[in-house]
Structures are given as C-alpha cells and as structure tokens.
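J.: sequence below, structure please.
(chains A and B)
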Amino acid sequence: QEKVQQSPESLIVPEGAMVSLNCSFSDSASQSIWWYQQHPGKGPKALISIFSNGNKKEGRLTVYLNRASLHVSLHIKDSQPSDSAVYLCAVRSNTGANTGKLTFGHGTILRVHP
Amino acid sequence: EAAVTQSPRNKVTVTGGNVTLSCRQTNSHNYMYWYRQDTGHGLRLIHYSYGAGNLQIGDVPDGYKATRTTQEDFFLLLELASPSQTSLYFCASSDALGASQNTLYFGAGTRLSVL
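T.: Numbering: from 1, shown residues only, chains lettered A, B, ... in the order given. Have a look, this model is predicted:
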C-alpha cells in the first residue's frame, strides 16, 4: 500500500514569509498528488493537484513534483494568517486493487503569525 | 460549491453502544466515502460506495458497517462501539474514483467519543 510522509510536522512563520511543505511517497506509478487544507473544526478542502513531473502554479501556490525522487512540495508565497491550517498531502494510487484510492499523509501544521 | 452535510456533529456513547453517523451530499456525485482521522494516523478510509446499494471495503473496516440508501445518503454504523473507535469521522463525495482529476469534497466531521 502507498506510504505518504510529510515534513515538517509543524511550522511557524511570520506573515509575508514563503512557506515550503514537503511530501514523499512510495509508488512512482502514483496517478496524481493532491494538497488539501484543513482549518480547525472543518473538513479538508482541496487546494491544488499535480499529475505530471514539473511544477504547477495557481495564485500564491506552487507545487513541484519529482517522480524520480518520489517527492512533491507545496510552496505558499506571501503567507497570510488565514493560511494557518493543517496541510495534507494525498496520493492517488494507480496500482491494482488500490487504483483510484487516495492515501493521506499525517499533515503539516502551519501557523502564520501577524 | 459542492455540499456534504454530516450529522450529528458530536456524539458520546458508551462501550457496546449502537451508533449511526449520517451523511448527505447534494453534489449528484457517484462516490461517497467514510474516513476517520486520528493523531498519528492521519485520514484513513473505512468504507466507500459508488452508488445506491453498493459498498466497498476500505483500509480500516473492522468494527464498522456502512449502507448507501440513495445516491445522496451514506450511513456509517457502529453496532458494538469500542473506545478504540473514538475519533473524528469525515464523510466525502466525489464524481469518480479513478479519474486523475477527481476532487474529494468533505463534510465538517463528526466527533465521536466512546466511553
């Protein structure tokens, strides 16, 4: 079964800082990688996804995928206090009975202080 | 925006008790899921369904039953609740399972405590 590991476990940054979150996964044939954001007391919400090697930019978010090193990163530019949340990396499997299923990492807790 | 509503939001029961968690989606999605979220384990898939009357086993199904009565409604049943089932439960829906661009839409969660 797919294994997804995130680092760091938690991060505190000042407002306006660039934030970098990391995620490693075990299956190079994984279909796609997603980042979800979860605020306290709420369910996770999809932020951005990537399917091909390389990078993808949406607003203040940039995600980089390197399938050879089984690594994906999420970068948040000009971070805001409202970005404070738990960030979950999720990998969609492309193998056998697990095809299509998402495996989530444990998350990174981000706090952006004013 | 896709809508997934869970009830109740909080539930306390005793060991051996009978609990039903409810989920309704108004997104016209085919797939619905039940996850549990625990510190140190992240989100783990319990059961999922691709339509009314269908049920698929997830990664941590032991002690749980589920039933999909309509396209909109998915229920999670704990017939003999145990303290190990104390957790935060999330329901989610999606348009398709295998599509690479498939997004999961989550409800706000149900916090269950088994004493």
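J.: so where do the strands sit in chain A?
T.: Taking DSSP state E, the strands of chain A run over residues A:4-7, A:10-14, A:19-25, A:32-38, A:45-50, A:54-58, A:61-66, A:71-76, A:85-92, A:102-104, A:108-113.
J.: helices or strands next to the first one in the packing?
T.: In other words, strand A:4-7. Under the contact definition 3 or more Cβ pairs under 8 Å, 6 or more residues apart in numbering or on different chains; DSSP states H and E, strand A:4-7 sits against strand A:19-25, strand A:85-92. C-beta here means a position set from N, CA and C on the backbone, and glycine is covered the same way.
J.: could the ones you listed be laid out in TSV, adding mean pLDDT, distance to chain B and mean neighbour count?
T.: Output for these, formatted as TSV (pLDDT from 0 to 100; distance: least, Cβ to the nearest Cβ, whole Å; neighbours: other Cβ atoms under 10 Å in any protein chain shown):
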stretch	mean pLDDT	distance to chain B	mean neighbour count
strand A:19-25	97	12	20
strand A:85-92	95	7	24
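J.: which one of these lies closest to A:Lys77?
T.: Among those, strand A:19-25 comes nearest to A:Lys77, with 8.2 Å by Cβ to Cβ.
J.: run the angle between that closest one and strand A:32-38 for me.
T.: Between the axes of strand A:19-25 and strand A:32-38, defined by axes from the mean of the first three to the mean of the last three Cα atoms, to 10 degrees, the angle is 130 degrees.
J.: need the residue closest to the centroid of chain B.
T.: By Cα atoms, centre = their mean, chain B has its centre lying nearest to B:Trp34, at 2.3 Å.
J.: buried stuff in the helix or strand that residue falls within?
T.: Here B:Trp34, judged by DSSP states H and E, is contained in strand B:31-38. By neighbour count, and taking 16 or more other Cβ atoms under 10 Å in any protein chain shown as the criterion, the buried residues in strand B:31-38 are B:31-37.
J.: ok, the residue of chain B found nearest chain A - contacts?
T.: For chain B, the nearest residue to chain A under the criterion Cβ to the nearest Cβ is B:Phe106, separated by 3.1 Å. Residues near B:Phe106 by Cβ atoms under 8 Å, 6 or more residues apart in numbering or on different chains: A:43-45, B:4, B:90-92.
J.: quick check: the farthest pair among those?
T.: Between any two of the contacts of B:Phe106, the greatest separation by Cβ to Cβ is 14.1 Å, found for A:Lys45 and B:Cys91.
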